[in-house]
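Undergrad: no sequence for this one, just the structure:
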């Protein structure tokens, strides 16, 4: 029997569980179709609770370790949550679907009832089978303590994805049917009310039906906690990691399907509300895609800066159009309490995206150019700009008072109330006013989205723009809008239309940012040094306090990019590019006495409490800060400072054998250098730097050490076809073969989650190995993932993992990306690869990711400017004064999940995209793997506008010169971290795949840097 197979098949682990769940059972027949083929092809299995009681843990035995006790409690949570979920599914079918299908009721026809509950019975069957297997596993928990393989076997089947996909895709349609039936059938509305009132928890039908959408993120959280409390050598560890991979992959696919369904529904709702037929036709086109929509408060200011009126608007950012609409919420209140009623919109204005500009307070160059045309349209454009004018007046007055004070000091006589002390008091008072005005301006910038929108031409035909000012719910929302507007314009460029292509195009609608966007490309060297060979690159993250608010939202990750190269035997160099602007700019070149082969960025070690107290007592000023280690072909290692403008060389030393330094990696206490003679030299820390006298040599093999990879307290070193794991300070080694061919060398290694991907000196295959058991888990042939790669002639030259994508650079200059999970699971490749149509003419010499966190000061709130609008003469309430802003459906804000101060913050879960599309207003948990927050734990901030800390100096333009910056703030000390990321590739030339003429795209021998910009992300 299938029940017995499910129960018995879980005893011997993953393989037998899979076989048991896939075994054909003869007595089970497919359900006969009765005119409705919705259930065709699925088994109808009735589970008896008498024969198969719900899972239940036995009493806890004595003598368990702390981890065993915690794991037992987590299993109990899994059992309890699954029982509650199954009861909710049964409740929908028994209390709602069954009465509505009874002939006596006839409230709705069967054709209307069945689509509402589409695929719910099949979902219940899947979880009923899972509950049987779970009961068997729980009964023997104290003997096996394994549960990961059960999740893999139960939720890796295609049937689970199919039924959940059908349900998720139909959810919006089901809610529309319920809404329509409530309006047209009063008996149905009364039926829903009675069911809600009679239920003990008062949950509506909507609240019950949304639970399948929330189920897999709940599973992910529970398994993450289980994995965290599972020892490395435990037999359940690898199955748990595989289970996380399966659940994350399933959740991501459901998210994407739901995102597309919601996008279509939102655009259709907007199109139906538009009277302009031409605009409505454009919205109904397949080319229109929704990037971001949110309720913002439009504010109109008077000439003196006072608030005249404010009103809520729904703003839609499409891939080529910006639309502002009035919100008209209509519908009976008794219906809206049972099912969400979508608002109707009246379009106020629409504008082409490329002609819309974000204007910050203080950008006088734009204001002087456009305000004359703005005034003709609307005379009440002032407000935040008034603050900047007042600041200039205060600065002028301070300058005058300082001069007056100096003049007063030259008086020969003595006069009452006319002395330098009074003048100094005036200066201090003006400085305080300037500081307050600074913060008010920063508040205006952080929560005010000011857009210059093109209007109708004037009588003479000249273009006229008008300014609109929107209040955003938070600084994060403002950052999200500025960043998405910026990227949407980049996506319209020729090199991004299209920028990537799938190996097998399935014809599905893609999100505008479904792939990285090529932001720019530029030559690396001047024409005089084109003979240099690119070797490697790295990112030196340095925060710059001079970036304006919007500039930080649109620029590349802050810091500097170091690009290393080599010429002849006695020459090498490092080019340093500033990234504190939209286009990288070369700011410094360091000449070396030998080719540069490798680079490594070393963070300054965190002092312990005792060291911190000692350092504070001594007040030492000799801190080295972050450093960059440079490995040369002549065997030398140079250590450079990363903060000082001169990039001073702090230390130079050579390995004992004077062999070429092919690769460098560091751990918390050691620097590892891979040498050309098959040895790894290990250096200990000394006063913030490395101690050359402490060098120890570890022999790995006879060939060169091609690459190193640091994993916790160990380092992986590749030599020929095998990899050696060197353990921390003991330097104990363990080796394994990564490739069956002895002549093939491991050339690249990158880590994600619990796995390491490896590329080789020959062939087009890449391999995945487990970080703990060293087991070979997967092999992928890159040549089969792109139609532009010729099988048999492909060689991988670079590897990189960034934001759920495995980037693969090839000797043909073509870049392929493959999707990998983002969580702690195994980074198996389960999806289709895509190929960049922007390629190099020669091998991809390096792929490097740059990322930086926006300054926490940009996200702060305080009370300095809480009444800035009221101080300017307005109440600021208007029609929107009593309504809270909705959360952005694509905003960056997340629940506060920060760890205690001083602890390193680690993302506890995946930020699923769908959470921001529709679930923000659903009852229950958001569709995200982030932990719940009780009301008492909620962040103190509200969506209302409040002041921000800041400085007027952040309003200046992006720095174009080498500046002295500060190292990025350490993780774990703030709340939400907004991260900017970009991927750089280096190689010879530039070409577009599919285009015959390469010369038109530049010199094919010129070393070129290509930059892909990624959307801003937020993590706790």
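TA: Good, I have the coordinates. Predicted, not measured: the structure shown is a model, and the values here were computed from it.
Undergrad: Residue 93 - how many residues pack around it?
TA: Residue neighbour count, defined by other Cβ atoms under 10 Å, stands at 14 for residue 93. Placement of C-beta: from N, CA and C, glycine included.
Undergrad: Ok, the one 3 residues further on next?
TA: For residue 96, the tally of surrounding residues (other Cβ under 10 Å) stands at 20.
Undergrad: Is it in contact with residue 117, as I believe?
TA: Yes - here residue 96 lies in contact with residue 117, judged by Cβ atoms under 8 Å, at a distance of 7.3 Å.
Undergrad: next one: the strand or helix carrying residue 150 to chain centre, how far?
TA: With elements delineated by DSSP states H and E, residue 150 resides in helix 148-155, which encompasses its position. On the basis of Cα atoms, centre = their mean, to the nearest Å, the separation between the geometric centre of helix 148-155 and that of its chain is 27 Å.
Undergrad: can you check stretch 291-301 too?
TA: Counting by Cα atoms, centre = their mean, stretch 291-301 is centred 24 Å from the centre of its parent chain.
Undergrad: Please apply the same query to stretch 448-464.
TA: For stretch 448-464, the distance between its averaged C-alpha position and the chain's averaged C-alpha position is 35 Å (Cα atoms, centre = their mean).
Undergrad: and if you look at stretch 752-767?
TA: Shown here is stretch 752-767, whose average C-alpha point lies 24 Å from the average C-alpha point of the whole chain (Cα atoms, centre = their mean).
Undergrad: In it, which residues are buried?
TA: For stretch 752-767, a neighbour-count test (16 or more other Cβ atoms under 10 Å) marks 752-761, 763-767 as buried.
Undergrad: do the same with stretch 402-413
TA: 404, 405, 408.
Undergrad: Looking at those, which are in helices?
TA: The subset of those located in helices under the criterion DSSP state H comprises 404, 405, 408.
Undergrad: about what we covered before: now the buried residues of stretch 402-413 in JSON lines, with distance to residue 780 and pLDDT?
TA: Supplementary listing: the buried residues of stretch 402-413 in JSON lines, determined by distance: Cβ to Cβ, whole Å; pLDDT from 0 to 100:
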{"residue": "404", "distance to residue 780": "75", "pLDDT": "89"}
{"residue": "405", "distance to residue 780": "74", "pLDDT": "87"}
{"residue": "408", "distance to residue 780": "79", "pLDDT": "86"}
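Undergrad: Take the residues you listed and lay them out in TSV including distance to residue 211.
TA: As requested, these are exported to TSV (distance: Cβ to Cβ, whole Å):
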residue	distance to residue 211
404	72
405	71
408	75
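Undergrad: in the stretch 151-300 of the chain, which spans are helices?
TA: Under the criterion DSSP state H, counting those that start in this stretch, helices of the stretch 151-300 of the chain are mapped to 158-184, 186-198, 205-209, 211-228, 237-272, 277-283.
Undergrad: weakest of those helices by average pLDDT?
TA: Among the helices of the stretch 151-300 of the chain, helix 277-283 carries the lowest mean pLDDT, a mean of 71.
Undergrad: Next, the buried residues of that one.
TA: Residues 279, 282, 283 are the ones in helix 277-283 that count as buried (16+ other Cβ under 10 Å).
Undergrad: for stretch 829-841, same thing?
TA: By neighbour count with 16+ other Cβ under 10 Å, stretch 829-841 contains the buried residues 829, 830, 833, 834, 835, 836, 837, 838, 839, 840, 841.
Undergrad: which two in those are spaced the farthest apart?
TA: With Cβ to Cβ as the measure, no two of the buried residues of stretch 829-841 lie farther apart than 830 and 841, at 32.3 Å.
Undergrad: tell me the mean pLDDT over the helix holding residue 150?
TA: What helix 148-155 shows for mean pLDDT is 92.
Undergrad: Give me the helices and strands touching that helix, please.
TA: When contacts are defined as 3 or more Cβ pairs under 8 Å, 6 or more residues apart in numbering; DSSP states H and E, helix 148-155 sits against helix 14-22, helix 120-139, helix 211-228, helix 237-272.
Undergrad: Columns distance to residue 435 and mean neighbour count on top of these, output as TSV?
TA: Putting the helices and strands packed on helix 148-155 into TSV (distance: least, Cβ to Cβ, whole Å; neighbours: other Cβ atoms under 10 Å) gives the following:
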stretch	distance to residue 435	mean neighbour count
helix 14-22	63	17
helix 120-139	59	21
helix 211-228	44	22
helix 237-272	43	21
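Undergrad: Output these as JSON lines; include the columns distance to residue 287.
TA: Below are the helices and strands packed on helix 148-155 laid out as JSON lines (distance: least, Cβ to Cβ, whole Å):
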{"stretch": "helix 14-22", "distance to residue 287": "43"}
{"stretch": "helix 120-139", "distance to residue 287": "35"}
{"stretch": "helix 211-228", "distance to residue 287": "29"}
{"stretch": "helix 237-272", "distance to residue 287": "11"}
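Undergrad: Figure out which of the ones you listed is closest to residue 593.
TA: Each of the helices and strands packed on helix 148-155 has some distance to residue 593 by Cβ to Cβ; the shortest is helix 237-272, at 46.4 Å.
Undergrad: any idea which helix or strand carries the spatially most distant residue from the centre of the chain?
TA: Most distant from the centre of the chain: residue 413, at 68.4 Å, with distances by Cα atoms, centre = their mean. Secondary-structure element containing residue 413, defined by DSSP H and E: none, the residue being outside all helices and strands.
Undergrad: now it: how far from residue 419?
TA: With distances taken as Cβ to Cβ, to the nearest Å, residue 413 is found 11 Å from residue 419.
Undergrad: Hmm, residue 230 and residue 237 touching each other?
TA: Yes - checked against Cβ under 8 Å, the pair residue 237 and residue 230 is within contact range at 5.0 Å.
Undergrad: need the helix or strand of the protein with the lowest average pLDDT.
TA: Ranking every helix and strand in the chain by mean pLDDT, DSSP states H and E puts helix 868-871 at the bottom, with a mean of 38.
Undergrad: Quick check: what element follows that helix along the chain?
TA: strand 977-988.
Undergrad: how many neighbours does residue 568 have?
TA: The number of residues packed around residue 568, counting by other Cβ under 10 Å, is 10.
Undergrad: Could you check how far the closest residue to it other than its chain neighbours is from residue 572?
TA: Once its chain neighbours are removed from consideration, residue 568 has its nearest residue in residue 595; the separation is 8.0 Å (Cβ to Cβ, 6 or more residues apart in numbering). Using Cβ to Cβ, residue 595 is found at 4 Å from residue 572.
Undergrad: go on, residue 174?
TA: According to Cβ to Cβ, residue 174 and residue 572 sit 65 Å apart.
Undergrad: So for the two, which sits in the more crowded spot?
TA: Taking residue 174 and residue 572 together and counting by other Cβ under 10 Å, residue 572 has the greater number of neighbours (25 against 19).
Undergrad: Residues in a beta bridge with that one, which ones?
TA: As for beta bridges, residue 572 partners with residue 566, residue 592 under DSSP bridges.
Undergrad: just to revisit the earlier point, just give me the closest of the ones in helices among the buried residues of stretch 402-413 to residue 706.
TA: Looking at these and their distance to residue 706, the nearest is residue 405, at 68.6 Å (Cβ to Cβ).
Undergrad: so who does the nearest residue to that closest one once chain neighbours are set aside touch?
TA: Computed as Cβ to Cβ, 6+ apart, the closest residue to residue 405 that is not its neighbour in sequence is residue 423, at 3.0 Å. Contacts of residue 423 were listed using Cβ atoms under 8 Å, 6 or more residues apart in numbering, and they are 401, 402, 404, 405, 408, 409.
Undergrad: Against residue 1007, how distant is residue 534?
TA: 6 Å.
Undergrad: overlap in contacts of the two?
TA: Common contacts of residue 534 and residue 1007 (Cβ under 8 Å, 6+ apart): 524, 565, 986, 987.
Undergrad: okay, those residues in a markdown table with pLDDT and distance to residue 578 next?
TA: Putting the shared contacts of residue 534 and residue 1007 into a markdown table (pLDDT from 0 to 100; distance: Cβ to Cβ, whole Å) gives the following:
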| residue | pLDDT | distance to residue 578 |
| --- | --- | --- |
| 524 | 90 | 14 |
| 565 | 91 | 18 |
| 986 | 94 | 17 |
| 987 | 93 | 22 |
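Undergrad: Thanks again, I'm all set now.
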